[in-house]
Each structure stands twice: as structure tokens, then as C-alpha cells.
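Colleague: Just to be clear, the model below is a prediction. Sequence and coordinates:
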Amino acid sequence: MALGADAPSYVELLRYRGANASPSTGLSDVKMAASGNDSDHVRLFFAAGAAVPSGGATIDVDVVATPNASCVDPRTPTALTLQWKLTLAATAAWSTFSADDETAAQVFETEVLLNSTTATDSGLAFQRSSSACRSVDVALAGDADIFEL
């Protein structure tokens, strides 16, 4: 199993078993079966950190499946090339709503956080969501030992 020679550098094939990455990472001798503990398949991904064309771009992807050398049955077919034309969707924007406030409502004052028994409001409120999906998962990045949402 391999991408065609003209495949863009920002796509890659990864070996999977069910919904998870396969313990076998190579793309040779991929055993595909209707069921079984060693039944794998291959998924097409955009490579991590790769520069992908902007929304609306169309890309051509060829995947070539070649029978493994261990297949000695005379009925084994020759290589199979599958071709797809993919159109990339445009990225939706982040929308700001009425409760969004990037400026503190008051001047920050010294607060002895180690002695505080209750949460201290910073005066900042964030309310943004994607224009494509209003459900957002939020988490702190940075020092989560001091701050909480």
C-alpha cells in the first residue's frame, strides 16, 4: 500500500486496526479481512504540521495497493490504483459573542492566592465559538496549578 508518485507531501497513509493506530506501523503486508485480531486497514491523513492549501483547493490523491510477495496464489491480481479528487473545505471563523471580554473589568490587585479559600474572579470573560460548530471544548494552556476556568 502506498501513495501514488504525484501525491502531495502534506498527505500520508497510516495503518489502523479498528479505531486505533495499528501496532504494526509499516505499509507492507497489511492483512485486511472482514474480522480478526490481525485485520488492519489504511487511512489517509493530512500530515501533522504540514502546510495545506487554502479552502476550496482541489487535490488529486492516488493510492496504490500491491499484493504482498507472500501471495503465491495464481489468482492474485496485479496492482490496483485508486484515485480520488478531494476538495478542501474552507476553515470557519471564530465568532465573538456579547459576553466576550479580553480586558479586565477592574485593575488587577495583589492577591494572596495561597491563602485564598475561594476562587478569585479575574474579571475576564471569554465567549467564542466556531461559526461552523457552536460546541467548543475549553481547557487552560499554561499554569493550570494557579488558574482555573
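Modeller: Received, thanks.
Colleague: low pLDDT regions in this structure?
Modeller: Where the chain drops to pLDDT under 70, the residues are 105-116.
Colleague: Next, count neighbours for Phe126.
Modeller: Other residues near Phe126 come to 12 when the count uses other C-beta atoms under 10 Å. Using the backbone N, CA and C atoms, a C-beta is placed for each residue, glycine as well.
Colleague: mind listing what the residue lying closest to it once chain neighbours are set aside touches?
Modeller: Once flanking residues are discounted, Phe126 sits nearest to Asp100: 5.9 Å by C-beta to C-beta, 6 or more residues apart in numbering. Applying C-beta atoms under 8 Å, 6 or more residues apart in numbering, one finds that Asp100 lies in contact with 125-128.
Colleague: Neighbours of Cys133, how many?
Modeller: By the criterion of other C-beta under 10 Å, Cys133 has 8 neighbours.
Colleague: wait, I meant Asn20
Modeller: 7.
Colleague: What about it? Give its phi and psi, please.
Modeller: Here is the backbone geometry of Asn20 (degrees, to the nearest 10): phi -120, psi 160.
Colleague: That one and Arg43: what is the separation?
Modeller: In this view, Asn20 and Arg43 are 11 Å apart by C-beta to C-beta, to the nearest Å.
Colleague: cool, Tyr10 as well?
Modeller: For Tyr10, the distance to Arg43 - C-beta to C-beta - is 15 Å.
Colleague: before we move on, back to that, and the contacts of Asp100, which is closest to Gly36?
Modeller: Set against Gly36, the nearest of these by C-beta to C-beta is Arg128 (45.7 Å).
Colleague: Find the residue closest to that closest one in space, skipping its chain neighbours.
Modeller: In space, Arg128 is closest to Trp94, 5.1 Å off (C-beta to C-beta, 6+ apart).
Colleague: can you map out the strands along this structure?
Modeller: Counting by DSSP state E, the chain has strands at residues 2-3, 11-17, 20-21, 41-46, 58-65, 80-87, 94-96, 128-130.
Colleague: Output these as CSV; include the columns distance to Ser28.
Modeller: Formatted as CSV, these follow (distance: least, C-beta to C-beta, whole Å):
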stretch, distance to Ser28
strand 2-3, 9
strand 11-17, 10
strand 20-21, 16
strand 41-46, 11
strand 58-65, 11
strand 80-87, 15
strand 94-96, 42
strand 128-130, 39
